[in-house]
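Undergrad: just a sequence and a predicted model for now, questions to come.
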Amino acid sequence: MREIRAAVIERAGMPVSIETLSLADPGPGEVLVRMTSAGVCHSDLHVRDGHWVRPGPIVMGHEGAGVIEAVGPGLDPSVVGRPAALSWYAPCLRCRECQRGRQWLCSGSPSLRHAQADGTTRLARPDGSPVLAYLSIGTMASAQVVPATAVVPMPDGVPPEVAALIGCCVSTGVGAVVKTADVPAGSTVAVLGLGGVGLSCVMGAVLAGAARIIAVDVSRTKIDLAGGLGATHWVQADPSNPAATVEGIRNAAGPGGPDFVFEAIGLPATISQAIASLPPGGTAVLVGLTRFGQDATFEAFPFVDGGRRILGSNYGSAVAAIDFPRYAEAYLAGRLPIDRLIDRRLPLDDLEDAFDRLRSGHAARQMVMFQG
Ligand SMILES: NC(=O)c1ccc[n+]([C@@H]2O[C@H](COP(=O)([O-])OP(=O)(O)OC[C@H]3O[C@@H](n4cnc5c(N)ncnc54)[C@H](O)[C@@H]3O)[C@@H](O)[C@H]2O)c1
Ligand SMILES: [Zn+2]
Ligand SMILES: [Zn+2]
């Protein structure tokens with residue numbers, strides 16, 4: 001048992017409070033991690049702003065990295081002291097989808113219940129009442145007990161912030177390109193929305209050898225960031241004129257149109273723009289997550305007549321134990337400049353301010369840093 005500091009929300013839609021909680025020792029199949037860094041992802045903001053129903057009270061955060069401090073009974077203790085990235089979807093390794101190698105579709109993940117595999121939590125308030133951990137890892141905390149299948153040791157030399165980003169936006173965005181869509185070299189790719197996820201789509205497109213990469217955002221700063229990562233063309237979106245964005249993407253793509261359009265915002269309007277930008281045979285890859293209950297529309301006849309496709313991409317089709325170390329190696333080799341996504345480092349106490357900045361659209365990736 002130990003005391004930790006953590007960012008808690010009472011329920012979805014309520015502000016964060018920084019609290020001292022007790023953290024019990026890891027049980028069988030569980031690992032104690034001292035957190036080093038946690039990224040502020042728009043999915044946390046969806047919960048903070050009440051767009052998604054979630055149980056509470058719950059420790060926020062699902063993009064994080066730390067150092068393995070202890071393992072529960074039955075686990076290999078040789079990993080103690082190793083830095084690790086955390087996966088926000090701990091696979092059960094037993095269900096049909098896990099056995100098919102599609103862990104991102106696991107139906108038995110404890111992450112679905114924001115608890116450990118036995119359905120209980122290791123976190124409690126001073127009065128003894130239980131507190132959940134978002135997606136079982138609740139990374140906005142100085143330490144956490146997490147399912148062992150969520151813990152992926154990192155190679156030497158990977159900075160904590162880079163490991164944290166591999167845990168969500170990098171795997172989501174790069175994986176959407178290289179795994180879900182399997183973009184062939186020489187393709188023309190457009191990316192709508194240039195936050196941590198969309199910028200990772202841009203990095204994925206570079207890694208895949210895309211010939212033309214069109215970066216689309218309302219923010220000129222984000223467009224410049226994408227240019228530094230390898231985007232070749234850009235469109236500055238005006239939300240009041242969606243047709244102009246579609247036309248801008250088509251013009252930038254040239255006569256063949258974009259082979260792939262990645263939507264990394266999560267708004268019905270931009271999902272419709274992504275689909276409307278497609279030439280015959282083109283593919284829209286939906287990565288952004290909307291509020292619960294929202295529909296997006298597209299004109300059906302030309303979609304079918306033109307043999308277009310829509311793919312949903314969850315977690316970039318990540319198999320964390322395999323893909324996280326690969327992305328880390330690509331970073332170390334200079335082929336995935338993950339550190340360039342970071343535009344702010346902050347203490348846990350400033351999390352509400354970080355949410356304000358993310359909500360305004362001005363933030364790239366903001367990183368909560370924990371003291372050693
Ligand atoms: N599919 C998955 O597994 C998965 C995983 C992680 C995050 N997500 C989702 O991905 C989305 C993006 O996450 P993020 O953390 O990168 O968000 P973010 O807020 O950092 O980035 C969103 C970007 O979209 C831009 N934008 C907003 N409205 C726009 C418009 N009308 N036209 C053009 N650009 C616009 C903003 O300026 C911003 O740069 C969120 O919906 C998040 O929940 C999905
Ligand atoms: Zn995320
Ligand atoms: Zn499973």
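TA: The structure has been received and is ready for your questions. Ligands and ions are numbered 1, 2, ... in the order given.
Undergrad: for ligand 2, what's the nearest residue on the stretch 101-250 of the chain?
TA: Here the stretch 101-250 of the chain gets closest to ligand 2 at one residue, Cys168, 3.4 Å apart by C-beta to the ion. (Each C-beta comes from the backbone N, C-alpha and C, glycine too.)
Undergrad: which parts of stretch 67-82 are buried?
TA: By neighbour count with 16 or more other C-beta atoms under 10 Å, stretch 67-82 contains the buried residues 67-68, 70-72, 75.
Undergrad: just give the nearest non-adjacent residue to the residue of the stretch 151-300 of the chain found nearest ligand 1, would you?
TA: Minimum separation of the stretch 151-300 of the chain from ligand 1 (C-beta to the nearest ligand atom) falls at Gly195, amounting to 2.0 Å. Excluding the flanking residues, the one nearest Gly195 by C-beta to C-beta, 6 or more residues apart in numbering is His42, at 6.1 Å.
Undergrad: quick one: that neighbour from Val287, how far?
TA: The spacing between His42 and Val287, counted by C-beta to C-beta, to the nearest Å, is 11 Å.
Undergrad: look at the two and report which has more neighbours.
TA: Between His42 and Val287, counting by other C-beta atoms under 10 Å, Val287 is the more crowded of the two (30 against 24).
Undergrad: give me every residue that touches the more buried one.
TA: Counting by C-beta atoms under 8 Å, 6 or more residues apart in numbering, Val287 touches 172-173, 176, 197-198, 201, 262-264, 313, 316.
Undergrad: could you check the pLDDT of it?
TA: Predicted confidence (pLDDT) for Val287: 98.
Undergrad: may I have the phi/psi pair for it?
TA: Dihedral pair for Val287: phi -110, psi -40, per degrees, to the nearest 10.
Undergrad: and the helices in the stretch 151-300 of the chain?
TA: Per DSSP state H, counting those that start in this stretch, the stretch 151-300 of the chain carries helices over the ranges 160-165, 171-175, 196-208, 220-229, 242-253, 268-276, 300-305.
Undergrad: now the angle from the longest one to helix 220-229?
TA: The one in question is helix 196-208. 20 degrees (axes from the mean of the first three to the mean of the last three C-alpha atoms, to 10 degrees).
Undergrad: quick one: helix 196-208 near ligand 2?
TA: No - looking at helix 196-208 against ligand 2 by C-beta under 5 Å from the ion, there are no contacts, and the closest approach is 7.3 Å.
Undergrad: tell me what that helix is packed against?
TA: With contacts defined as 3 or more C-beta pairs under 8 Å, 6 or more residues apart in numbering; DSSP states H and E, the packing partners of helix 196-208 are helix 171-175, strand 188-192, strand 212-217, helix 220-229.
Undergrad: partners of the lengthiest strand in the chain in the sheet?
TA: Across the chain, the longest stretch assigned as strand under DSSP state E is strand 30-39. Strand 30-39 has its sheet partners listed here by DSSP bridges as strand 64-71 (antiparallel), strand 143-147 (antiparallel), strand 365-369 (antiparallel).
Undergrad: and the ones you listed: which comes nearest Ile249?
TA: strand 365-369 (24.4 Å; C-beta to C-beta).
Undergrad: restrict that closest one to CA atoms and write it as CSV.
TA: Only the C-alpha atoms of strand 365-369 are listed here, as CSV (Å, rounded to 0.1, in the frame of the first residue of the first chain):
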residue,chain,number,x,y,z
ARG,A,365,0.6,17.4,-27.5
GLN,A,366,0.9,18.5,-23.9
MET,A,367,2.8,16.2,-21.5
VAL,A,368,2.2,15.9,-17.8
MET,A,369,5.6,15.2,-16.2
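Undergrad: on that earlier part again, of the buried residues of stretch 67-82, closest to Arg11?
TA: The closest of these, once distances to Arg11 are taken by C-beta to C-beta, is Gly72, at 29.3 Å.
Undergrad: how much space between that closest one and ligand 3?
TA: 19 Å (C-beta to the ion, to the nearest Å).
Undergrad: need the nearest residue in space to that residue, chain neighbours excluded.
TA: Nearest one to Gly72, counting by C-beta to C-beta, 6+ apart, is Pro26 at 3.8 Å.
Undergrad: list the contacts of that neighbour.
TA: So, once contact is read as C-beta under 8 Å, 6+ apart, Pro26 ends up touching 32, 70-72, 122, 145.
Undergrad: ligand 1: which of these is nearest?
TA: Using C-beta to the nearest ligand atom, the contacts of Pro26 come closest to ligand 1 at Val145, 23.2 Å.
Undergrad: turn the contacts of Pro26 into CSV, columns for pLDDT.
TA: CSV is the format used below for the contacts of Pro26 (pLDDT from 0 to 100):
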residue, pLDDT
Leu32, 98
Ala70, 98
Val71, 98
Gly72, 98
Arg122, 98
Val145, 98
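Undergrad: quick one on the thing from earlier: dump the helices and strands packed on helix 196-208 to a markdown table, plus mean neighbour count and mean pLDDT.
TA: Converted to a markdown table, those look like this (neighbours: other C-beta atoms under 10 Å; pLDDT from 0 to 100):
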| stretch | mean neighbour count | mean pLDDT |
| --- | --- | --- |
| helix 171-175 | 29 | 99 |
| strand 188-192 | 30 | 98 |
| strand 212-217 | 27 | 98 |
| helix 220-229 | 17 | 98 |
